[in-house]
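**Q** could you work out the structure for the sequence below:
(chains A and B)
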Number of protein chains: 2
Amino acid sequence: MSEDPYLLLDAKLKRIQALNSISGLISWDELVNLPEDSADQRQEQCAAMAQVCHAASVDPEIDTLLSELETRDDELDGDQRIVIRDARKSYNRSAKLPAEFVSRKARLDSESYHAWVEAKRNANFSSYAPFLQRQLDHSKEFAGYLGAIDNPYDCFIDLHDPGMDTASISELFEELKADLVPIVSQILDSAIQANTEIFNGFPIAQQSDFVKQVTTALGFNYKRGRIDTSIHPFCGGNGADTRITTRFDIDNPLDSLFSAIHETGHGMYEQGLPIDQLHNALGQAAGMGAHESQSRLWENQVCRSRGFWKHYEPELRKYFPEQLDGVSSNALYLAINSVSKNPIRVDSDEVTYNLHIVIRFEIEKRLFDGSLSISDLPQAWNALYKELLNIDPKDDAEGVLQDVHWSDASFGYFPSYCLGNMLAAQLWYAAVEELPDLENDFEKGDFSRLLQWLREKVHRHGMRYDLKALAMEATGQELSPRSLIRYLKERYLPLYA
Amino acid sequence: MSEDPYLLLDAKLKRIQALNSISGLISWDELVNLPEDSADQRQEQCAAMAQVCHAASVDPEIDTLLSELETRDDELDGDQRIVIRDARKSYNRSAKLPAEFVSRKARLDSESYHAWVEAKRNANFSSYAPFLQRQLDHSKEFAGYLGAIDNPYDCFIDLHDPGMDTASISELFEELKADLVPIVSQILDSAIQANTEIFNGFPIAQQSDFVKQVTTALGFNYKRGRIDTSIHPFCGGNGADTRITTRFDIDNPLDSLFSAIHETGHGMYEQGLPIDQLHNALGQAAGMGAHESQSRLWENQVCRSRGFWKHYEPELRKYFPEQLDGVSSNALYLAINSVSKNPIRVDSDEVTYNLHIVIRFEIEKRLFDGSLSISDLPQAWNALYKELLNIDPKDDAEGVLQDVHWSDASFGYFPSYCLGNMLAAQLWYAAVEELPDLENDFEKGDFSRLLQWLREKVHRHGMRYDLKALAMEATGQELSPRSLIRYLKERYLPLYA
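**A** From the prediction side, this is the model:
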């Protein structure tokens, strides 16, 4: 056996990855396959597996190996340094939390989740407020263990997007907001509005076949992946076995399609990461924002484009000749690119979506810096919705209680969605510039040049670059909202003019 | 926390069960869901999980707790004694094997499996013979670690059917053989022969619906289980989440149906075990033979009966009106109860099947007692097939190489199938006696009285009774082949007279 500490660390990381991937598989199975009365055993399995994974990740030998490797920095190559830096971060995140805190937090997550469900049902924020207060306090405590007592929100942002922080995001979002608010007004005030009620009676079996055809054409590797159905679409597993899901509604074929395409984007990122490095930073996504850039680019820039639909409208009509008989090409394309005033983030379109995120970031930032108290949260929420989207939520369920994220203190998560949209648009224009006549490919149902470009520019790097560095490396430009604004204007203003 | 050693042991067993059930789930997923190029990662996951399960099962604290409880035998109740006795057996089975032996055996299993595949492909036993010899040697070594150096085959039988041994099975099988051989001859010599080639073009979707209808009616609880497809049908999971599979052939609807029914029998046994005791002997099956008795009883005694088909022939014809248009009721019923001379065990019917098992038991016994050498195995095999079934295998692939079992030293496994058939028939006549007009229930598609009776007589006891004791407890009679012979005569002789 080798005594090389790097190889010893590598073996430890491989074992952690194998165990974590099992946890992932049983979670996938829970969402896709679990019989309705089998939840009790699954809970025990998850708890047992979480304990096994935690024990593997806090193995003190990892600390010893890392410490030794950290003193030999000059003997390491660049890739090894990246692996070690991330392994140290992960180790500290697990090992620096006192066991007492971890179990206290797990109890709070459970209580807080149930309180959120109850509060949302009753559209009553006040019953949930004390739990949210405790989650905020726990989050600051958590940041303290990780050495971020003075900048706890930065610590949470870094959990999702390494390299980003509150100040950078504030700057990006301020610029985005200034340009986007007038665009949203212009579209929502337009006399032209999409009709999304034109779809009725699309049999699931054919929807499923169409989804399979499209996702295969985009480049999802079904030899290393599957698609199934679940209540909420998601992408699980990793590049060695990528499991995406969608959901089907007989009266909403666009939902199943775009959900599947979105998850396909995530899945193809996973499948493009170096498969022999899945256990370390070189084989893992650069962050949530980078991940979202991939799902959004395929979902929006590619699959809502004219070029894509030149090819796929006739295909769709082959599957559903009668159902689409009365739907014109224009009506179809407008429905695909529908923009509407919607108080609910997850139901909103790609134009207004970004403002939903800006609002959440603003609120999280103020909760952490103390300028907003939990008790004032609903008022602040409603004021921001009024200001940016001209929406008055009818109650807290439609307002501040709509998202599950804060119930388990997933702070710093929302911004990734919008950062992903920015990077997606930025990658899009860089690809269009480097790959002549790219949209012509789509008209032929060919997406291979784009996928190859993304593999080269984004996927193969793993965590080698953080979000900002990745933007610069892949597009030659700083991460910025300008491409997103340009894209939204080019796509949507002509449609709604 | 309680310091009661029984409760501490209980917690350990619960954790082992949770971890083992995760291993089971990932194996199920491998056979049902795994994408074709994702096998490498699954192998790593299985290895990691096996190591975790092994570590949990050899936890020395279990030994300490068991030793303490074993000295306090008089303070324990009967159920606790059963749990402790089995926990001790399981612990010893894991902990008494040297790590070096376990890894040597794992390597041998892998090499030996590949040698078997290759030998079977080439119909050449001699290339596989050295591997089988090493498996036999390893099996004796294994028995030695478990204190059975003088009776290694008994040790393997006990692994599958606690309480059984070579002598008991020899006696049962001798009696069975004497009565069965003439019955088989009589049927195979009959002028009446079933035609199983009458089924063509049965769409899978309808087959699947029919299978679901039948298995639901039998009593499989789909709220705690699922049915999927796999190459080889099996029953995985446990009573908290029971996962059965079948397979579909468009030209063989009886195969999908009877495979599903067989696994439903296994599944309903699992679902009838006490769900709060799945982690210990009270919530686990009494052995492989007992398990097989449940699958066989539903598959054969119930679902090949006239009563069953009085109800389900019209149902089947509703699903497949055109396909069954030219098939008479008699031809259908005869195909369902087809008996034929087949050299392959897994393709054989329930009459001849038992002789395939008798042959394998005879050979395993002689391999272990030294009266048969590996090099003489093919000749002995062929001689027994000639003697009992009047079959001359055309080569080793059709003969001694047909089964995978010996490649990983699964000795003592085959007899369970036949013991299960014996118990199934014995339970059947006991049920018929205690439940008046039972076959009338089937004519109405009602199986609830029989299932309830099996729950009461067999399922709820877990491992409280071993196979012999279970037969006595449930039927009031010693385990014997008499009921099986009676059943085969009553079912088959009139059909083939």
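**Q** distance from stretch A:74-92 to the middle of the chain?
**A** What separates the centre of stretch A:74-92 from the centre of its chain is 25 Å, taken as C-alpha atoms, centre = their mean, to the nearest Å.
**Q** contacts for it?
**A** Identification of contacts with stretch A:74-92 by C-beta atoms under 8 Å, 6 or more residues apart in numbering or on different chains yields A:6, A:9, A:13, A:57-58, A:62-63, A:66, A:69-70, A:73, A:146, A:162, A:280-282, A:284, A:462-464. C-beta: built from backbone N, CA, C; applies to glycine.
**Q** go again with 7 Å.
**A** A:6, A:9, A:13, A:57, A:62-63, A:66, A:69-70, A:73, A:146, A:280-282, A:463-464 (C-beta atoms under 7 Å, 6 or more residues apart in numbering or on different chains).
**Q** show me which residues of chain A sit near chain B.
**A** A:15, A:18-19, A:21-22, A:25-26, A:29, A:33, A:35-38, A:40-41, A:44-45, A:48-49, A:52, A:222-226, A:240-241 (C-beta under 7 Å from any C-beta of the partner chain).
**Q** next up, the contacts around residue A:372.
**A** A:363, A:366, A:380.
**Q** excluding chain neighbours, give the residue nearest to residue A:495 in space.
**A** The shortest distance from residue A:495 to any non-neighbouring residue, by C-beta to C-beta, 6 or more residues apart in numbering or on different chains, is to residue A:337 (5.8 Å).
**Q** ramachandran angles for the spatially most central residue of chain A?
**A** Centre of chain A computed as the mean C-alpha position; nearest residue by C-alpha atoms, centre = their mean is residue A:292, 4.5 Å away. Dihedral pair for residue A:292: phi -70, psi -30, per degrees, to the nearest 10.
**Q** so who does it touch?
**A** So residue A:292 contacts A:416, A:417, A:420 (C-beta under 7 Å, 6+ apart).
**Q** would you confirm that the first one contacts residue A:159?
**A** It stands for residue A:416. No - using C-beta atoms under 7 Å, residue A:416 is not in contact with residue A:159; the gap is 10.0 Å.
**Q** burial measure for residue A:466, as a count.
**A** Residues within reach of residue A:466, counting by other C-beta atoms under 10 Å in any protein chain shown, total 18.
**Q** identify the residues contacting it.
**A** If you count contacts by C-beta under 7 Å, 6+ apart, then residue A:466 has A:162, A:163, A:286, A:287 around it.
**Q** at 10 Å instead, please
**A** A:158, A:161, A:162, A:163, A:164, A:286, A:287, A:289, A:290, A:479 (C-beta atoms under 10 Å, 6 or more residues apart in numbering or on different chains).
**Q** please apply the same query to residue A:175.
**A** Shown in contact with residue A:175 (C-beta under 10 Å, 6+ apart): A:422, A:480, A:481, A:482, A:485.
**Q** how many residues are close by residue A:181?
**A** 16.
**Q** check which helix or strand covers it.
**A** Assigned by DSSP states H and E, residue A:181 falls within helix A:166-188.
**Q** go on, residue A:227?
**A** strand A:225-229.
**Q** I'd like to know which elements the next helix or strand along the chain from that strand is packed against.
**A** Downstream of strand A:225-229, the next assigned helix or strand under DSSP H and E is strand A:235-238. Using 3 or more C-beta pairs under 10 Å, 6 or more residues apart in numbering or on different chains; DSSP states H and E, the elements in contact with strand A:235-238 are helix A:5-32, strand A:225-229, strand A:241-246, helix A:253-272, helix A:288-296.
**Q** okay if I get those as TSV plus mean pLDDT and distance to residue A:119?
**A** Converted to TSV, these look like this (pLDDT from 0 to 100; distance: least, C-beta to C-beta, whole Å):
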stretch	mean pLDDT	distance to residue A:119
helix A:5-32	96	24
strand A:225-229	98	29
strand A:241-246	98	28
helix A:253-272	97	27
helix A:288-296	98	26
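**Q** want to throw these into a markdown table with distance to residue B:93?
**A** As requested, the helices and strands packed on strand A:235-238 are exported to a markdown table (distance: least, C-beta to C-beta, whole Å):
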| stretch | distance to residue B:93 |
| --- | --- |
| helix A:5-32 | 24 |
| strand A:225-229 | 36 |
| strand A:241-246 | 32 |
| helix A:253-272 | 40 |
| helix A:288-296 | 45 |
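**Q** contacts only, for the spatially closest residue to residue A:459 that is not a sequence neighbour.
**A** In space, and not counting its chain neighbours, residue A:459 is closest to residue A:272: 2.8 Å by C-beta to C-beta, 6+ apart. Neighbour list for residue A:272: A:219, A:221, A:239, A:285, A:294, A:451-452, A:454-456, A:458-462 [criterion: C-beta under 10 Å, 6+ apart].
**Q** please list only the buried members of those.
**A** Buried residues within the contacts of residue A:272, defined by neighbour count using 16 or more other C-beta atoms under 10 Å in any protein chain shown: A:219, A:221, A:239, A:285, A:294, A:451, A:454, A:455, A:458, A:459, A:461, A:462.
**Q** from residue B:366, how far off is the last one?
**A** As judged by C-beta to C-beta, to the nearest Å, residue A:462 and residue B:366 stand 59 Å apart.
**Q** what of residue A:186?
**A** From residue A:186 to residue B:366 the distance is 89 Å (C-beta to C-beta).
**Q** now residue A:74
**A** As judged by C-beta to C-beta, residue A:74 and residue B:366 stand 68 Å apart.
**Q** the spatially closest residue to residue A:246 that is not a sequence neighbour: neighbour count?
**A** Closest residue to residue A:246 apart from its sequence neighbours, by C-beta to C-beta, 6+ apart: residue A:260 at 4.0 Å. Neighbour count for residue A:260, taken as other C-beta under 10 Å: 30.
**Q** show me the contacts for residue A:260.
**A** A:207-208, A:210-212, A:214-215, A:218, A:220, A:227, A:229, A:233, A:244-248, A:267, A:299, A:303.
**Q** residue contacts, the residue in the stretch 51-200 of chain A that chain B sits nearest to?
**A** Chain B sits closest to residue A:52 of the stretch 51-200 of chain A, with a gap of 5.5 Å, by C-beta to the nearest C-beta. By C-beta under 10 Å, 6+ apart, the contact list for residue A:52 reads A:19-20, A:22-23, B:15, B:18-19, B:22, B:48-49, B:52-53, B:55-56.
**Q** one more time with 6 Å, if that's ok
**A** A:19, B:52 (C-beta atoms under 6 Å, 6 or more residues apart in numbering or on different chains).
**Q** before we move on, what about the one 10 residues further on?
**A** Under the criterion of C-beta under 6 Å, 6+ apart, the contact partners of residue A:62 comprise A:12, A:91.
**Q** how far away is it from residue A:146?
**A** Counting by C-beta to C-beta, the gap from residue A:62 to residue A:146 is 17 Å.
**Q** then residue A:318?
**A** Residue A:318 is 55 Å from residue A:146, by C-beta to C-beta.
**Q** between the two, which one's more packed in?
**A** In this view residue A:318 and residue A:146 are compared by other C-beta under 10 Å, and residue A:146 has more residues nearby, 17 against 11.
**Q** which of the helices or strands spans the residue nearest to the more buried one when sequence neighbours are not counted?
**A** Nearest-residue entry for residue A:146: residue A:155, 5.7 Å, with adjacent residues in sequence omitted and distances by C-beta to C-beta, 6+ apart. Applying DSSP H and E as the criterion places residue A:155 in helix A:152-160.
**Q** circling back to that earlier point, ok, so of the buried ones among the contacts of residue A:272, who is nearest residue B:314?
**A** residue A:221 (46.6 Å; C-beta to C-beta).
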